[in-house]
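3D, please:
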Amino acid sequence: MKAFLIDIAICNGCYNCQIACKDEHCSNDWRPYAAPQPETGQFWLRLNEHIRGTVPKVKMHYVPVLCQHCDDAPCMEAASDAVYKRDDGLVVIDPEKAAGNRALVDSCPYGAIFFNEGLALPQKCTGCAHLLDRGWKEPRCVDACPTGALQFKEEDELDLTGAEPLLPGAPGKPRVYYKHIPMTFIGGTLYDPQRKRSWKRQRSFSAPPMAAQGRRPATAGGTSGSRICPRAPTISRYGPRDTLPRVSSA
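Take a look at the predicted model:
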């Protein structure tokens, strides 16, 4: 049977999958697979944005969430007469038999079923079953992914090493697998007291004497916009001072 594999590490958040899903299903009636998806209020494939940390230590990743096409789908238990599983593994809600059944929305632990108020029926991702039956090899979302983060193949053809379900415990035995779901992120700055003391010591010895006294250094011949002027002797209560050169602006 078919399965999805989503690699979070190479998803760049372009939203092509979400847009392609809308393009395929909004205003298009694909019954008996699915009635038209509303333009707003529903995302049969939703790209969730996750931000971790605070500035300047920030990381971001994206997680595409769609119907998990479970082997033991809770929605099938809630309405066995209206929800069925195809031979290829895709779970489909019959738009005619499921009309008016709001209980299906609450039955999904992944939040992947929506209620169309205008048509009074529950709806979700069909895996683009209507396209697969016409010869397509993969759904629109997978076809639109530029990085290969989304794959749709026979389960034994996928490299599921390190893959895991979206939710702990894998309710319903989902057939959508995820790789590289980020774990706890800890950001900070390493502090070495010994190194900081050494750095401070180097700064104190590297400052020029004249700069340390707040004076402008004089150059030979009074260049660099300065000239040497004689200072007249001054009298203080400690007696006369020696005549010293002073630096003044040109």
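
in three-state terms, label the residue nearest the centre of the chain for me.
Nearest to the geometric centre of the chain sits His61, at 2.3 Å (Cα atoms, centre = their mean). Classification of His61 using DSSP: H, G, I helix; E, B strand; the rest coil returns strand.

spit out the contact partners of it.
His61 sits next to 8, 11, 50, 52, 182 when contact means Cβ atoms under 8 Å, 6 or more residues apart in numbering. C-betas here are computed from N, CA, C, even on glycine.

got the contact list for Lys173?
Per Cβ under 8 Å, 6+ apart, neighbours of Lys173: 70-72.

how is this structure divided into domains?
Domain ranges of the chain: 2-179, 193-249, per automatic domain parsing.

measure the residue nearest to the centre of the chain to Tyr177 for me?
To Tyr177, His61 is 16 Å away according to Cβ to Cβ, to the nearest Å.

re earlier: in TSV, list the domains of the chain along with distance to Ile186 and mean pLDDT.
Listed next are the domains of the chain as TSV, based on distance: least, Cβ to Cβ, whole Å; pLDDT from 0 to 100:
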stretch	distance to Ile186	mean pLDDT
domain 2-179	9	95
domain 193-249	21	56
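
highest mean neighbour count out of those?
domain 2-179 (a mean of 17; mean count of other Cβ atoms under 10 Å).

how long is that domain from one end to the other?
17 Å (Cα to Cα, to the nearest Å).

that older thread, and the furthest pair within the contacts of His61?
Using Cβ to Cβ, the two most remote members of the contacts of His61 are Cys11 and Arg52, lying 15.2 Å apart.

and the strands in this protein, which stretches?
2-7, 45-54, 57-66, 83-85, 91-93, 114-116, 121-123, 150-154, 176-179, 226-230, 235-236, 239-240, 245-249 (DSSP state E).

show me what the second one is packed against.
Right, the one you point to is strand 45-54. With contacts taken as 3 or more Cβ pairs under 8 Å, 6 or more residues apart in numbering; DSSP states H and E, strand 45-54 sits against helix 16-25, strand 57-66.

would TSV of these with distance to Glu138 be doable?
Output for the helices and strands packed on strand 45-54, formatted as TSV (distance: least, Cβ to Cβ, whole Å):
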stretch	distance to Glu138
helix 16-25	11
strand 57-66	13
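
looking at these, which is nearest to Pro36?
helix 16-25 (6.7 Å).

what's near enough to touch Ala98?
Residues near Ala98 by Cβ under 8 Å, 6+ apart: 79, 82-83, 104, 121-122.

over to Gln68?
110, 112, 165-166, 172, 174-176.

pull stretch 134-142 out as PDB, backbone CA atoms only.
Taking Å, rounded to 0.1, in the frame of the first residue of the first chain, the C-alpha atoms of stretch 134-142 are listed here in PDB:
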ATOM      1  CA  ARG A 134      -6.300   8.800 -14.000                       C
ATOM      2  CA  GLY A 135      -2.600   7.700 -14.100                       C
ATOM      3  CA  TRP A 136      -0.800  10.200 -11.900                       C
ATOM      4  CA  LYS A 137       2.000   8.700  -9.800                       C
ATOM      5  CA  GLU A 138       1.600  11.200  -6.900                       C
ATOM      6  CA  PRO A 139      -0.700  13.800  -5.400                       C
ATOM      7  CA  ARG A 140      -0.500  17.400  -6.300                       C
ATOM      8  CA  CYS A 141       1.200  18.400  -3.100                       C
ATOM      9  CA  VAL A 142       4.100  15.900  -3.700                       C
END
